[in-house]
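Chemist: need a structure here:
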Amino acid sequence: MPILSPQLRTYADRMLRLLSLLVLVGCSQSTTAPTSTATSAQTATSVPTPSVDVVTVAFSEVPNVIELPGRIEAYRTAEVRARVSGIVTKRLYQEGQVVKAGTPLFQINPELLQAATLEAEAELARAQAQLFNVNDKLQRYQALVSDQSVSQRDYRAAQAEVQLANAEVASAKAKLARATLDLGYAHVTAPIAGVARRALITEGALVAKDAATPLTTIEQVNPVYVNFSQSASDVFALRQALRAGTLKGNGDQFDLSLILPDGTVYPSRGTLSFKDVAVNPNTDSVVMRAIFENAQQILMPGAYVRIKIRQATQPNAILIPRDALIRDQFSTRVWVVNPQNSLESREVQTRRMIDQHWVIERGLQPGERVVISNVATQSAGTRVNPKQVNLKQVMPKQVHAHQVTTPASHRKAMAS
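Modeler: Residues are numbered from 1 along each chain as shown. Predicted coordinates for the structure are as follows:
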């Protein structure tokens with residue numbers, strides 16, 4: 001047997017060790033591969049089915065509510081004006097004061113008016129004296145005309161003088177009555193009950209009965225009007241829906257509520273007092289007016305508010321919670337759990353909300369289960385574990401759900 005050199009013997013030892021290491025690695029991989037496959041399979045089978053909250057939709061009676069902008073107007077408004085000319089000597093009320101009809105507001109200097117009254121009284125006295133004189137003359141002529149001591153012509157002239165004197169007395173009485181009224185107008189009083197606003201003139205100002213500027217304004221603010229308009233197209237659509245039976249109404253008996261500028265709901269309900277019978281050609285809208293009680297004077301004339309009008313009810317409507325709807329630039333859809341407990345994407349049509357719930361007009365049928373939780377993370381075809389949520393717990397208070405029978409396929413899927 002040949003003797004190997006030390007270099008060859010070292011090389012051979014190294015090669016032998018390398019072959020042994022390769023054999024050991026191969027055996028390790030063949031033993032580990034089935035174990036890894038089994039572990040992956042076990043992990044796949046241990047992933048739990050995701051749970052989702054669902055509601056079973058049903059037909060409901062939904063109020064047809066619209067919201068329109070409106071402006072508050074005082075129930076009555078009266079501009080207080082001077083009815084005689086003169087200098088204002090005193091303001092007799094506090095600005096913002098609640099006054100009754102007839103409450104004095106301003107005092108106009110009455111001296112000239114008193115003088116005019118005295119003059120009218122003097123004219124009346126003179127006319128009455130003249131009447132007394134001609135009556136006496138007529139009585140004397142009556143005694144003389146019978147024996148023709150006075151001619152018939154003079155007698156008729158005496159009668160005419162009496163009639164003329166009576167007319168003078170009547171004229172003097174009328175002038176005195178007018179002067180007395182003017183003297184009374186020196187006290188400017190409130191024509192209506194309400195709140196007297198700020199004075200537009202001050203003491204010392206010269207006022208005239210034909211002046212364009214009023215002295216002040218009084219507004220009756222309990223109750224108040226709310227003026228608003230509805231587009232003619234909406235009015236026509238409502239009437240057509242009522243005739244077709246898709247909406248149920250009660251004529252013009254609307255339920256009105258008010259939303260204040262800060263977003264709160266006014267506690268008192270209103271009533272519709274006026275609805276125009278013609279369309280305004282400038283705005284293509286129908287003008288309406290409502291009345292609201294305002295005992296606490298919360299509503300201020302001139303303020304903008306929003307008025308909610310319940311004009312009718314939709315008897316067969318389907319509602320879903322707001323978060324169940326998915327909107328993007330292409331579609332409006334919801335997730336529906338089919339009888340196999342898999343997710344389906346369903347396109348729906350909706351145009352309005354009521355108390356955070358969408359009113360579905362097309363795309364859903366009663367008895368279907370709609371996902372209301374984590375809708376943004378779901379994908380079509382995913383198998384889920386649906387958890388039923390009572391529809392009455394998430395439904396608006398004014399909505400009345402109809403009894404719906406769940407299809408047999410859905411009941412079977414829900415049981416499984």
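
Chemist: which other helices and strands contact the helix or strand that contains Val305?
Modeler: For Val305, the enclosing helix or strand under DSSP states H and E is strand 304-321. In terms of contacts (3 or more CB pairs under 8 Å, 6 or more residues apart in numbering; DSSP states H and E), strand 304-321 is packed against strand 59-80, strand 216-231, helix 232-244, strand 248-249, strand 255-259, strand 357-362. Using the backbone N, CA and C atoms, a C-beta is placed for each residue, glycine as well.

Chemist: Now tabulate these in JSON lines and tack on mean neighbour count and mean pLDDT.
Modeler: Supplementary listing: the helices and strands packed on strand 304-321 in JSON lines, determined by neighbours: other CB atoms under 10 Å; pLDDT from 0 to 100:
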{"stretch": "strand 59-80", "mean neighbour count": "18", "mean pLDDT": "88"}
{"stretch": "strand 216-231", "mean neighbour count": "20", "mean pLDDT": "92"}
{"stretch": "helix 232-244", "mean neighbour count": "13", "mean pLDDT": "80"}
{"stretch": "strand 248-249", "mean neighbour count": "14", "mean pLDDT": "68"}
{"stretch": "strand 255-259", "mean neighbour count": "19", "mean pLDDT": "88"}
{"stretch": "strand 357-362", "mean neighbour count": "18", "mean pLDDT": "84"}
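
Chemist: For Lys173, which of those is the nearest?
Modeler: Lys173 sits nearest to strand 59-80 of all the helices and strands packed on strand 304-321, at 29.8 Å, using CB to CB.

Chemist: For the closest one, C-alpha coordinates in CSV please.
Modeler: These are the backbone C-alpha positions of strand 59-80, laid out as CSV (Å, rounded to 0.1, in the frame of the first residue of the first chain):
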residue,chain,number,x,y,z
PHE,A,59,-90.0,47.8,5.7
SER,A,60,-90.6,50.9,7.9
GLU,A,61,-92.9,53.8,7.9
VAL,A,62,-90.5,56.8,7.5
PRO,A,63,-91.5,60.4,7.8
ASN,A,64,-90.8,62.5,4.7
VAL,A,65,-88.9,65.3,6.3
ILE,A,66,-87.4,68.3,4.5
GLU,A,67,-85.2,71.1,5.9
LEU,A,68,-85.5,74.6,4.5
PRO,A,69,-84.0,78.0,5.5
GLY,A,70,-86.3,80.6,6.9
ARG,A,71,-86.4,84.0,8.4
ILE,A,72,-88.2,85.0,11.6
GLU,A,73,-90.7,87.9,11.3
ALA,A,74,-92.6,89.7,14.1
TYR,A,75,-96.3,88.8,14.3
ARG,A,76,-97.2,92.5,14.1
THR,A,77,-95.0,95.5,13.4
ALA,A,78,-96.1,99.1,13.9
GLU,A,79,-94.1,102.3,13.1
VAL,A,80,-94.9,105.0,15.6
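
Chemist: Tell me which strands that strand pairs with, and in which orientation.
Modeler: Strand 59-80 has the following strand partners under DSSP bridges: strand 216-231 (antiparallel), strand 304-321 (antiparallel), strand 400-401 (antiparallel).

Chemist: Kindly reformat those strands as a markdown table and extend each row with distance to Val162.
Modeler: Below are these laid out as a markdown table (distance: least, CB to CB, whole Å):
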| stretch | distance to Val162 |
| --- | --- |
| strand 216-231 | 50 |
| strand 304-321 | 70 |
| strand 400-401 | 86 |
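
Chemist: closest one to Pro281 among these?
Modeler: Of these, nearest to Pro281 by CB to CB is strand 216-231, at 12.8 Å.

Chemist: Determine the angle, from 0 to 180 degrees, between the closest one and helix 232-244.
Modeler: Angle between the axes of strand 216-231 and helix 232-244 is 60 degrees (criterion: axes from the mean of the first three to the mean of the last three CA atoms, to 10 degrees).

Chemist: For Arg140, grab phi and psi.
Modeler: phi -70, psi -40 (degrees, to the nearest 10).

Chemist: who wins for proximity to Pro321 among the helices and strands packed on strand 304-321?
Modeler: Among these, strand 357-362 comes nearest to Pro321, with 5.9 Å by CB to CB.

Chemist: so what secondary structure elements neighbour that closest one?
Modeler: Counting contacts by 3+ CB pairs under 8 Å, 6+ apart, strand 357-362 is packed against strand 304-321, strand 349-353.

Chemist: So in the chain, where's the weakest helix or strand by average pLDDT?
Modeler: helix 408-415 (a mean of 40; mean pLDDT, DSSP states H and E).

Chemist: and the next element down the chain from the strand or helix carrying Ala120?
Modeler: Per DSSP H and E: Ala120 is located in helix 111-145. Next along the chain after helix 111-145, taking DSSP H and E as the criterion, comes helix 152-184.

Chemist: which one is Glu168 nearest to, not counting chain neighbours?
Modeler: Of all residues not flanking Glu168 in the chain, Ala127 sits nearest, at 4.0 Å (CB to CB, 6 or more residues apart in numbering).

Chemist: neighbours around the one you found, how many?
Modeler: 20 (other CB atoms under 10 Å).

Chemist: Now do it, the pLDDT please.
Modeler: pLDDT, Ala127: 92.

Chemist: does it really touch Lys175, like I thought?
Modeler: No. The pair Ala127 / Lys175 is not scored as a contact, 9.7 Å apart, by CB atoms under 8 Å.

Chemist: For the stretch 151-300 of the chain, give me the ranges with low pLDDT.
Modeler: Low-confidence segments of the stretch 151-300 of the chain, defined by pLDDT under 70: 246, 249-253.

Chemist: again, only using 80
Modeler: Within the stretch 151-300 of the chain, the ranges that satisfy pLDDT under 80 run 210, 237-254.

Chemist: rewinding a little: between the strand holding Val305 and strand 357-362, how big is the angle?
Modeler: Orientation of strand 304-321 against strand 357-362 (the same axes, to 10 degrees) gives an angle of 60 degrees.

Chemist: in strand 304-321, what's buried?
Modeler: Neighbour-count burial for strand 304-321 flags 305-314, 317-321 (criterion: 16 or more other CB atoms under 10 Å).

Chemist: do stretch 173-192 as well
Modeler: Under the neighbour-count criterion of 16+ other CB under 10 Å, stretch 173-192 has Lys175, Leu176, Ala179, Asp182, Leu183, Tyr185, Ala186, Val188, Thr189, Ala190, Ile192 buried.

Chemist: Same check on stretch 192-209?
Modeler: Ile192, Ala193, Gly194, Val195, Ala196, Arg197, Ala199, Ile201, Ala205, Val207.
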